[in-house]
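Novice: sequence first, then the predicted structure, then my questions.
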Amino acid sequence: MCITTYEKGQEFMRECKRQGCRVLLLTAEKLRNADWPRDSLDDTFYLPAEIPLVDVVQAVTHLARNQKIDRIVALDEYDMETAATLREHLRVPGMGLTTMRYFRDKLAMRMKALDRGVRVPDFVPVVNHGDIRYYLEHVPGPWVLKPRQEASAIGIKKIHAPEELWPVLEQLGDKQSSFLLEKFVPGEVYHVDSVVSESEVVFANVSKYGKPPMNVAQGGGVFTTYTVPRGSEEDSGLRQINRDLIAALGLVRGVAHAEFIRANADGHFHFLECAARVGGAYINEMVEAATGINLWREWARIEIEGEHGSYQLPPAREEYAGVILSLARQENPDTSGYNDPEVVLRIKKHHHAGLILRSGGPGRVPALLDSYTQRFAVEFTAVEPPREKPTA
């Protein structure tokens, strides 16, 4: 059973069907007409908006009377709690509620990582006001106030002075404990996209964002990311930190998208967050262009193999790739003017302009992305206010 209330994971479902599985999809009613791989689905079930979790459990339990469910997988992090609750109720193998928290709750993942020696920005839970005052007195600002269970940069507020914080917390009222306060660390942001089988990172690809995702999410602009030079200090360093992190958080099998920031002040890598899912913004397509590894496909194969541990990663290339993506003024922007041979995929999405690039060497893709970013800003880029919830 695949659970997603966003339109994603089609290749996961296709691979499950290719492997001989009976595939069920549980999704939102608003996505009834979405582009699902219907030839790969044996049945589809739709949830009304704002349905309580207890009702979802009751409905799936009723379904399980006549449908044998061997695996339950959340394809988006907003559905991880639903999937974990169903697994525990039906005693289906996979990630339970405790481990799920380490991939959904930014406070839980930081505390667990710190306990295992993974460096994180100085933070404090937004619970005890005395602790918060002490923190503000001893950790220089600015700081960022982050929702503990939102994805990406959704809902993050930058705080420059203590007197800015208290009115925000007062406005949050009883919801303030669902946030954490963290030192803002200027630096360059990286991500590591992994395949994990039986607690071992069997594949990892290290990439670097052009403009930090929080800046793009809150200020608009052009999103880019690209493979870092393989074997470089940043590549090998982040691979090791990522292995330590995955072990600390307890991911047994699946995929992970972890983000780190390299502080301008001291050059150290600091852990930001980790999700047990495929990265968004066409990162999967970028990783596949560079390595031949499709993260959705390998995730499906790992889930099917399950606790038997017989999964084998296919051979991977070690080339270089990048993605450029922007909200566009045009409904269907024309990117045909970007005709360098490194362009391997043109992203087709309404009011978005995007490209995937690939090269055999490390320097060509970032150079093209720098040039393309300037052109995108003039030819396509539109800006809209930051969203309170993701749209995909």
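Specialist: Sure thing, it's come through. Residues are numbered from 1 along each chain as shown.
Novice: got the buried residues for stretch 81-101?
Specialist: The neighbour-count check on stretch 81-101 (16 or more other C-beta atoms under 10 Å) flags 81-88, 94-95, 99-101 as buried. Backbone N, C-alpha and C define where each C-beta goes, glycine included.
Novice: one more: stretch 234-241?
Specialist: Buried, per 16+ other C-beta under 10 Å, within stretch 234-241: 234, 235, 237, 238, 239, 241.
Novice: so for it, mean pLDDT?
Specialist: Mean pLDDT, stretch 234-241: 97.
Novice: any chance you could list what contacts that stretch?
Specialist: Residues outside stretch 234-241 that contact it (C-beta atoms under 8 Å, 6 or more residues apart in numbering): 118, 190, 192, 204, 206, 208, 228, 229, 260, 262, 269, 271.
Novice: related to what we said a few turns ago, check the buried residues of stretch 81-101 and tell me the two furthest apart.
Specialist: Across these, no pair lies farther apart than 86 and 101, at 16.0 Å, counting by C-beta to C-beta.
Novice: and the gap between residue 174 and residue 104?
Specialist: 20 Å (C-beta to C-beta, to the nearest Å).
Novice: try residue 21
Specialist: Counting by C-beta to C-beta, the gap from residue 21 to residue 104 is 26 Å.
Novice: more neighbours: residue 174 and residue 104, which one.
Specialist: Taking other C-beta atoms under 10 Å, residue 174 and residue 104 do not tie; residue 104 has more neighbours (22 against 6).
Novice: output the contacting helices and strands for the helix or strand harbouring residue 289.
Specialist: Applying DSSP states H and E as the criterion places residue 289 in helix 283-291. The helices and strands touching helix 283-291, judged by 3 or more C-beta pairs under 8 Å, 6 or more residues apart in numbering; DSSP states H and E, are strand 187-197, strand 200-209, strand 223-227, helix 295-305, strand 320-327, strand 343-346, strand 352-359.
Novice: can you rerun that using 7 Å?
Specialist: Counting contacts by 3 or more C-beta pairs under 7 Å, 6 or more residues apart in numbering; DSSP states H and E, helix 283-291 packs against strand 200-209, strand 223-227, helix 295-305, strand 320-327, strand 352-359.
Novice: and these: which comes nearest residue 129?
Specialist: strand 200-209 (34.6 Å).
Novice: quick one: residues in contact with that closest one.
Specialist: 188-196, 224-228, 235, 238-239, 242-243, 246, 287, 290-291, 293, 313, 316 (C-beta atoms under 7 Å, 6 or more residues apart in numbering).
Novice: now the residues you listed: which count as buried?
Specialist: 188-196, 224-228, 235, 238-239, 242-243, 246, 287, 290-291, 293.
Novice: tell me which residues in the helix-or-strand element of the chain with minimal mean pLDDT are buried?
Specialist: Counting by mean pLDDT, DSSP states H and E, the chain has its least confident helix or strand at helix 213-219, which shows a mean of 73. Across helix 213-219, burial judged by 16+ other C-beta under 10 Å covers 213, 214, 216, 217, 218.
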